[in-house]
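# sharing a model prediction with you, sequence too.
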Amino acid sequence: MNRALRGASRSPADASRRTPVYDLIFDSQNSLGKAARMTDKPDEKKVTPRSQDFAAWYNDLILRAELADYSPVRGCIVFRPDGFAIWEALRDELDRRIKKTGARNAYFPLFIPQSFLHKEAQHVEGFAPEVAVVTHGGGKELEEPLIVRPTSETIINHMFAQWIHSHRDLPLMINQWCNVVRWEMRTRIFLRTTEFLWQEGHTAHAMRAEAEAETLTMLEVYRKFAEEILAIPIVAGRKSAAERFPGAEETYTIEGLMGDGRALQCGTSHFLGQNFARAFEIRFLDEKNELVHPWQTSWGVSTRLLGAIIMTHGDDQGLRLPPAVASTQVVIVPIWRKADEGERVVTAARSILLALENAGIRARLDERDGVTPGFKFNDWEMRGVPLRVEIGPRDVASGEVVLARRDIPGPAGKSKAAMNEVAVRATALLSEIQKNMLVQARAAMDANTHPVMSYDQLRTQMEGEGGGGFADVYWCGNPVCETKIREETRATCRAIPLNQSHPPGKCVVCGEPASERALFAKAY
RNA sequence: CGGGGUGUAGCUCAGCCUGGUAGAGCACUACGUUCGGGACGUAGGAGUCGCAGGUUCAAAUCCUGUCACCCCGACCA
């Protein structure tokens, strides 16, 4: 995404530096943020305000916080250390939770024989257009082209066929962390990139009910993980047939709602039935000595979650990271003028750093020379560090420090703590911040979720650019009604929430009886 | 694939119409003064003007070709 992803993203300064005339005449095709940009004074230090141009804000944050950078390859990004650290933290925690369910990690090849893709009809239909194909190797044309995995369903099932012979081999539960490639026409940093990192779990079970249960177990693992670790509120639900994974019998989603009112699928869990088992001839002898196909699931989350974190929590000051995934949880900013002050302040700051580290906190002392404390405050806020310790000569004298919370901006988020209690206070605050971020995000989601009783109301809600939040509607389940909504409002069915307890109603489109409610929204 | 647009310093752009020694802001380097919410001064480094050909005494500038990229549409997790 050299320019591809860069497109929407001008640096804040440059966006506003351009003259109004330029914007009106030449930028008229770019629907976002024209009007606001015109009135803005150039301010190179600030990021494009979120309310002004969400897409530009999003890109500004990623670049300024140094999470990722564009690469020379279209659609591909570089994960910089601060961005990759979030992925690592997230991955380590999720990996623990996946293993707890009984799955084990393995690794399958990047390359897959092209013919494998063709074995499952829906699967090939779904993925063929976005697959990268390797035709040459070692200077010669290959007998059979290899595809670069867009997902590993096929090759894993090929192996499953060799490994599964008896019901005693089941359940077989495999997970792999890897990269996949999908040749998307339009990419967006973290949300849809040509190559991305993910985790894909694949399981095979003797009984249909077991596989169905596994699908929902993993959905719940994802939901809890997203809410507890990423502080992203989730709607767990079923996908409509149109939104289903190619080859799946049922697809479930953990759906999030981003700061601009657009929905984002944060993870999926599929019940595959016996589709792949048939296609790849996976069979086993059951207890009755009959040769039967196993029932399967697959489930995954990707680096898209980084985008979800940014778009759920970020503000005009920059990133806001949930403490659980922040590579720096606490930053200490020393403040001083004269050399003798500096000596005392830095000495005190170092002992605080040690105390924090001993308490198991990922802490860091910003000893940079040549930038002012004010700059450091802003810099670490941009990078999303959840908690800041400010320590100056006055604090050293009084034996106190200032603690500033990232989740509560301004003076309201500042408090004082005795120097010998900093680690204890920081530990408590980090856990409070983690919880509070979920509370804040859930409030935003609730405020953007509207029960909608009429089709006109639905249209009104989805009018204009950007998202319109979730529309909570009765839907009869007919794809015709779904298509009508999509074509006329650009909103799609994001989820049919689980465990509904609504009385039957009437479809918001056709008025026919509807037993379930569904959430529609414009999506990423 | 259709429509629109852009290639000049790391980034964003001016210069092109009317040919004559390559510019600005930000970023970067050094030094000094600064430092409780984004400091300032001075000096400095940095560009085969996307590429190829043509016109000309002379091309970033004019002409022809070509390549790349961006936006909108179509398609799609």
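Perfect, I can see it now.

# which residue is nearest the middle of chain A?
The centroid of chain A falls nearest to residue A:305 when counting by Cα atoms, centre = their mean (1.6 Å).

# enumerate every residue touching that one.
A:90, A:226, A:230, A:266-267 (Cβ atoms under 8 Å, 6 or more residues apart in numbering). To be clear about C-beta, it is placed using only N, CA and C from the backbone, and glycine gets the same treatment.

# what do you get if the cut-off is 10 Å, keeping everything else the same?
Shown in contact with residue A:305 (Cβ atoms under 10 Å, 6 or more residues apart in numbering): A:86-87, A:90-91, A:94, A:190-191, A:198, A:222, A:225-226, A:229-230, A:232, A:256, A:264, A:266-267, A:312, A:325.

# buried ones from those residues, can you make that a PyMOL selection?
Listed next is the PyMOL selection for buried residues among those, using 16 or more other Cβ atoms under 10 Å:
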select buried, chain A and resi 86+87+90+91+94+190+191+198+222+225+226+229+230+232+256+264+266+267+312+325
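
# of the contacts of residue A:305, which are in range of RNA strand B?
Contacts with RNA strand B are made by residue A:264 out of the contacts of residue A:305, judged by Cβ under 7 Å from any atom of the strand.

# quick one: contacts for residue A:498?
Residue A:498 touches A:216, A:219-220, A:223, A:235-238, A:252, counting by Cβ under 10 Å, 6+ apart.

# okay, these in JSON lines with secondary structure, distance to residue A:112 and neighbour count next?
Shown next, in JSON lines, are the contacts of residue A:498 (DSSP: H, G, I helix; E, B strand; the rest coil; distance: Cβ to Cβ, whole Å; neighbours: other Cβ atoms under 10 Å):
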{"residue": "A:216", "secondary structure": "helix", "distance to residue A:112": "29", "neighbour count": "16"}
{"residue": "A:219", "secondary structure": "helix", "distance to residue A:112": "27", "neighbour count": "23"}
{"residue": "A:220", "secondary structure": "helix", "distance to residue A:112": "30", "neighbour count": "16"}
{"residue": "A:223", "secondary structure": "helix", "distance to residue A:112": "31", "neighbour count": "22"}
{"residue": "A:235", "secondary structure": "strand", "distance to residue A:112": "33", "neighbour count": "23"}
{"residue": "A:236", "secondary structure": "strand", "distance to residue A:112": "31", "neighbour count": "21"}
{"residue": "A:237", "secondary structure": "strand", "distance to residue A:112": "31", "neighbour count": "23"}
{"residue": "A:238", "secondary structure": "strand", "distance to residue A:112": "29", "neighbour count": "20"}
{"residue": "A:252", "secondary structure": "strand", "distance to residue A:112": "25", "neighbour count": "29"}
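
# would you list the residues you listed in TSV and tack on distance to residue A:372 and pLDDT?
Below are those laid out as TSV (distance: Cβ to Cβ, whole Å; pLDDT from 0 to 100):
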residue	distance to residue A:372	pLDDT
A:216	53	98
A:219	48	98
A:220	48	98
A:223	43	98
A:235	44	97
A:236	47	97
A:237	49	97
A:238	53	96
A:252	50	97
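
# follow-up on the earlier one: please confirm that the residue nearest to the centre of chain A is located within a helix.
Yes. Looking at residue A:305 with DSSP: H, G, I helix; E, B strand; the rest coil, it is inside a helix.

# from residue A:436, how far out is it?
Using Cβ to Cβ, to the nearest Å, residue A:305 is found at 20 Å from residue A:436.

# now do the helices in the stretch 301-450 of chain A.
Assigned by DSSP state H, counting those that start in this stretch, the helices in the stretch 301-450 of chain A fall at A:304-313, A:339-358, A:373-382, A:393-398, A:422-447.

# what's the answer for the stretch 51-200 of chain A, then?
Assigned by DSSP H, counting those that start in this stretch, the stretch 51-200 of chain A shows helices spanning A:54-64, A:81-100, A:114-117, A:121-127, A:153-163.

# outside of the shortest one, which residues touch it?
This means helix A:114-117. For helix A:114-117, using Cβ under 10 Å, 6+ apart, the contacting residues are A:123-128, A:131, A:133-135, A:142, A:144-147, A:149-150, A:153-155, A:157-158, A:279-280.

# pretty sure residue A:477 is in a strand, no?
No. Assigned with three-state DSSP, residue A:477 falls outside any strand and is coil.

# show me what contacts it?
Residues in contact with residue A:477, defined by Cβ under 10 Å, 6+ apart, are A:240-241, A:493, A:496, A:507, A:512, A:514-516, A:518.

# for residue A:291, same thing?
Residue A:291 neighbours (Cβ under 10 Å, 6+ apart): A:165, A:283-285.

# recalculate using a threshold of 6 Å.
Listed by Cβ atoms under 6 Å, 6 or more residues apart in numbering, the contact set of residue A:291 reads A:283, A:285.

# specify the beta-bridge partners of it.
Counting by DSSP bridges, residue A:291 forms beta bridges with residue A:285.

# over to residue A:263?
Under DSSP bridges, the beta-bridge partners of residue A:263 are residue A:257, residue A:523.

# from RNA strand B, how far out is it?
For residue A:263, the distance to RNA strand B (Cβ to the nearest atom of the strand, to the nearest Å) stands at 6 Å.
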